[in-house]
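A.B. asks: Fold the following, please.
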Amino acid sequence: MEYIKLTSENLEKEHICCAISNNKDIQVASKKAWLAQRLNDGLVFLRSVERGKCFIEYIPAENAWCPIDANGYMHINCFWVSGSLKCHGYANELLDACIADAKAKGMHGITIISSPKKQSFLSDPKYLAYKGFRVADSDEPFFTLMYLPLEKNSPMPQFKNCAKHPHIDSTGIVVYYTHGCPFTAKYVPIIENIANEKGVPFRSILLDSKEKAQNAPMAWTNYAVFRNGEYVTNEILSEKKFIQLIDNFY
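C.D. replies: Now for the predicted structure:
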């Protein structure tokens, strides 16, 4: 498979795999704007030449938008191969490219946020373990920080304390999100409108800087739903799932 690396020169004309549409689409526009700024922080977005979900996105952990202590590591933001592009070895090729890049830059290893069992929007822990990743740390309710050491005595990465026990002092529904995932730009306004129509207290908090994301009260910062202060899910809720959530508790 041939792969394309997104750059400031080709970002406007290339698609971004998880949201294949034109640049006027809010999902594409928000993600590309986010990517354009992160490229200066060392972010790499590598995707297949084929149109489909086959890509890896990674960045030096010091610049990662999540609450981890992993200096000297490369952090994988998103790693996705699906549909007809699965089972052809493309995931191995993408991961190998990330590993080679991390080695070339003299990094301790690679980190990624996963879970004991496969969860929505998180990479498969069985595949990661097969490729040599180990669990470095865990976080409530189901997150694990996995790492692939590239040196004999690589320091152990870990979650920051701020994310260890996800809880906030707030009533109603609170959604944290970033534009690191294109789907948030579409679905956060949709569920906010539903909440307003049904009279459900609702607040959305856009994490619009690395510093805010690195000090967030949960491990997975792309999207997090809290209900009356308690963490609910990292899954981006559709209209149907959000209505089920509020109908069951309000």
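
A.B. asks: Which residue ranges make up the domains of the chain?
C.D. replies: For the chain, automatic domain parsing gives the domain ranges 3-161, 163-249.

A.B. asks: got TSV for those domains, with mean neighbour count and mean pLDDT too?
C.D. replies: (Each C-beta comes from the backbone N, C-alpha and C, glycine too.) Listed next are the domains of the chain as TSV, based on neighbours: other C-beta atoms under 10 Å; pLDDT from 0 to 100:
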stretch	mean neighbour count	mean pLDDT
domain 3-161	18	92
domain 163-249	17	95
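
A.B. asks: all helices of the chain, in order?
C.D. replies: For the chain, the helices defined by DSSP state H occupy 26-38, 90-104, 125-130, 183-198, 210-214, 239-249.

A.B. asks: Can you tell me which of those helices is nearest to residue 16?
C.D. replies: The closest of the helices of the chain to residue 16 is helix 26-38. By C-beta to C-beta, the value is 5.6 Å.

A.B. asks: Residue 153 versus the residue nearest to residue 155 when sequence neighbours are not counted, what's the distance?
C.D. replies: Closest residue to residue 155 apart from its sequence neighbours, by C-beta to C-beta, 6 or more residues apart in numbering: residue 108 at 6.2 Å. Distance, residue 108 to residue 153, by C-beta to C-beta, to the nearest Å: 9 Å.

A.B. asks: Please apply the same query to residue 98.
C.D. replies: In terms of C-beta to C-beta, residue 98 sits 21 Å off from residue 153.

A.B. asks: do residue 142 as well
C.D. replies: For residue 142 relative to residue 153 (C-beta to C-beta), the value is 30 Å.

A.B. asks: Would you agree residue 16 is in contact with residue 28?
C.D. replies: Yes: Residue 16 lies in contact with residue 28 (C-beta atoms under 8 Å); the separation is 6.6 Å.

A.B. asks: tell me, what's touching the two both at once?
C.D. replies: Each of residue 182 lies in contact with both residue 16 and residue 28 under the rule C-beta atoms under 8 Å, 6 or more residues apart in numbering.

A.B. asks: before we move on, back to that, Throw the helices of the chain into JSON lines and include distance to residue 224, thanks.
C.D. replies: Below are the helices of the chain laid out as JSON lines (distance: least, C-beta to C-beta, whole Å):
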{"stretch": "helix 26-38", "distance to residue 224": "17"}
{"stretch": "helix 90-104", "distance to residue 224": "25"}
{"stretch": "helix 125-130", "distance to residue 224": "20"}
{"stretch": "helix 183-198", "distance to residue 224": "10"}
{"stretch": "helix 210-214", "distance to residue 224": "11"}
{"stretch": "helix 239-249", "distance to residue 224": "14"}
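
A.B. asks: Quick one: the strands in this structure, in order.
C.D. replies: For the chain, the strands defined by DSSP state E cover 3-5, 44-48, 54-60, 68-69, 73-81, 109-114, 134-139, 143-149, 158-159, 173-177, 202-206, 223-227, 230-233.

A.B. asks: Output the contacting helices and strands for the third one.
C.D. replies: Under the contact criterion of 3 or more C-beta pairs under 8 Å, 6 or more residues apart in numbering; DSSP states H and E, the helices and strands touching strand 54-60 comprise strand 44-48, strand 73-81, helix 90-104.

A.B. asks: so which of those comes closest to residue 7?
C.D. replies: strand 44-48 (9.1 Å).

A.B. asks: Partner strands of that closest one, with direction?
C.D. replies: strand 3-5 (antiparallel), strand 54-60 (antiparallel) (DSSP bridges).
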